[in-house]
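[1] Curious how this folds, go ahead:
(one chain, ligands or ions: 2)
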Amino acid sequence: MIEQTTTEVPPQTADTAADTAPPIIAATDVVKTYDTGKVRVPALRGVSFAVARGEMVAVMGPSGSGKTTLLNCLAGLEEIDSGQILVDGTDIATMDDRTKTDYRARNMGFVFQFYNLLPVLTAVENVELPLLIAGVKPKEARRRALESLDLVRLREWQTQRPAELSGGQRQRVTIARALVNDPAIVWADEPTGDLDSETADEIITLMRTLNRERGQTFIIVTHDAGVGARTDRIIRMRDGQVTDDGLGNTRTTDGMSADGQATPIAASR
Ligand SMILES: Nc1ncnc2c1ncn2[C@@H]1O[C@H](COP(=O)(O)OP(=O)(O)OP(=O)(O)O)[C@@H](O)[C@H]1O
Ligand SMILES: [Mg+2]
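    Ligands and ions are numbered 1, 2, ... in the order given. Prediction:
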């Protein structure tokens with residue numbers, strides 16, 4: 001096979017901000033094994049990558065490849081066996097639980113399935129809950145919750161309960177809740193998983209706008225190639241490893257093309 005060669009030099013002068021500014025997330029050789037007593041599952045097998053502040057990154061890969069585990073570890077919700085994770089230069093593994101929880105409450109927003117809306121609370125009550133837990137005064141919490149509902153264009157729906165909202169509206173409330181503390185990083189695990197393609201598109205458009213306007217860093221786990229295509233880059237995982245970091249660094253595995261065009265996300269289990 002004839003390889004097309006070019007004489008182009010890699011673009012080293014572009015993206016100067018990303019080159020000079022320290023990354024907001026830096027993972028180095030992260031290893032995580034689940035030990036259930038019966039079986040040991042190597043969920044992350046030496047994961048390294050960095051994310052620049054303000055980037056919007058998708059994490060894609062087959063079911064079981066370690067995407068949720070990665071997000072949980074990056075956010076400090078789960079401990080890692082070895083390696084290092086720096087968030088804004090801070091090694092969260094060194095924090096005690098209370099400091100970690102506090103750090104998350106101040107700096108991170110979550111759009112996670114396990115962290116669903118509470119059915120008995122109205123939209124605005126759901127959104128203000130993290131603030132009340134963090135000790136913000138009720139009046140101030142309500143003001144900020146309504147501001148956050150404004151961002152997702154749901155202020156008029158503030159008194160509706162989750163069951164009285166559409167799937168897309170519910171997900172927008174979840175996003176409003178994730179944004180209510182103005183976090184530097186928003187983690188989303190399958191944020192469009194349960195939505196039809198039109199609503200999914202609306203959600204990703206909203207996230208993209210918030211990312212651009214507010215400079216927040218978004219890390220989005222998704223199976224949806226359409227969602228992936230709307231982000232700045234796609235980190236591809238397989239078998240607990242990053243096979244392509246979307247910056248030209250690839251690790252050869254079956255079905256992976258060097259230009260990242262292949263989408264090897266067919267279920268492999
Ligand atoms: N709490 C746990 N205990 C034991 N094994 C686990 C646990 N959580 C995840 N695993 C295993 O770790 C591996 C990675 O799981 P993970 O949930 O990170 O995959 P994923 O890429 O998010 O998959 P999906 O796309 O299906 O959500 C899988 O083999 C899974 O069975
Ligand atoms: Mg998952």
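[2] which residues touch the nearest residue to residue 184 once chain neighbours are set aside?
    Counting by CB to CB, 6 or more residues apart in numbering, residue 107 is the residue found nearest to residue 184 once chain neighbours are left out, at 5.1 Å. In this view, the C-beta of every residue, glycine as well, is placed from N, C-alpha and C. Residues counted as contacts of residue 107 (CB atoms under 8 Å, 6 or more residues apart in numbering) are 87, 88, 183, 184, 185.
[3] mind listing what's buried in stretch 222-230?
    Using 16 or more other CB atoms under 10 Å as the test for burial, stretch 222-230 gives 222, 223, 224, 227, 228, 230.
[4] nearest to ligand 1, of those residues?
    residue 223 (6.4 Å; CB to the nearest ligand atom).
[5] now that closest one, what's its secondary structure?
    Counting by DSSP: H, G, I helix; E, B strand; the rest coil, the backbone at residue 223 sits in coil.
[6] Tell me the gap between the host helix or strand of residue 125 and the middle of its chain.
    Taking DSSP states H and E as the definition, residue 125 sits inside helix 123-133. A distance of 21 Å separates the centroid of the chain from that of helix 123-133, by CA atoms, centre = their mean, to the nearest Å.
[7] Flag every residue of this structure that's near ligand 1.
    34, 36, 41, 43, 61, 63, 64, 65, 66, 67, 68, 69 (CB under 6 Å from any ligand atom).
[8] can you tell me the helix or strand for the last one?
    Applying DSSP H and E as the criterion places residue 69 in helix 67-74.
[9] ok, residues contacting that helix?
    If you take CB under 8 Å, 6+ apart as the criterion, helix 67-74 is touched by 25, 27, 30, 32, 34, 43-44, 47, 59-61, 78-80, 85, 87, 112, 187, 189, 219, 221, 237, 240.
[10] Which parts of the stretch 101-250 of the chain are helices?
    123-133, 138-151, 167-179, 197-214, 225-229 (DSSP state H, counting those that start in this stretch).
[11] Save those as TSV, and put in mean pLDDT and distance to residue 101 too.
    Formatted as TSV, the helices of the stretch 101-250 of the chain follow (pLDDT from 0 to 100; distance: least, CB to CB, whole Å):
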stretch	mean pLDDT	distance to residue 101
helix 123-133	94	10
helix 138-151	95	18
helix 167-179	92	16
helix 197-214	90	24
helix 225-229	94	29
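[12] Residue 55: which of those helices is closest?
    Within the helices of the stretch 101-250 of the chain, the stretch nearest residue 55 is helix 197-214; the backing value is 8.3 Å (CB to CB).
[13] now for the closest one, which elements pack on it?
    For helix 197-214, the packing partners by 3 or more CB pairs under 8 Å, 6 or more residues apart in numbering; DSSP states H and E come out as strand 56-60, helix 167-179, strand 185-189, strand 217-221, helix 225-229.
[14] returning to that earlier point: and for the helix holding residue 125, what's in contact with it?
    Contacts of helix 123-133 (CB under 8 Å, 6+ apart): 105, 117-118, 121, 138, 140-142, 144-146, 148-149, 154, 157-162, 165, 173, 176-177, 180-181.
[15] again, only using 6 Å
    Contact with helix 123-133 is made by 117-118, 141-142, 145, 148, 157-158, 160, 173, 176-177, 180, as judged by CB atoms under 6 Å, 6 or more residues apart in numbering.
[16] Can you show me the CA trace of that helix as CSV?
    Output of helix 123-133 as CSV, limited to C-alpha atoms (Å, rounded to 0.1, in the frame of the first residue of the first chain):
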residue,chain,number,x,y,z
ALA,A,123,-38.1,21.7,38.8
VAL,A,124,-36.8,24.7,40.7
GLU,A,125,-36.6,22.7,44.0
ASN,A,126,-34.5,20.0,42.2
VAL,A,127,-32.2,22.7,40.8
GLU,A,128,-31.7,24.5,44.1
LEU,A,129,-31.2,21.3,46.2
PRO,A,130,-27.4,21.1,45.7
LEU,A,131,-27.1,24.7,46.8
LEU,A,132,-29.2,24.1,49.9
ILE,A,133,-27.1,21.1,50.8
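[17] quick one: low-confidence ranges for this protein?
    Within the chain, the stretches with pLDDT under 70 are 1-20, 252-269.
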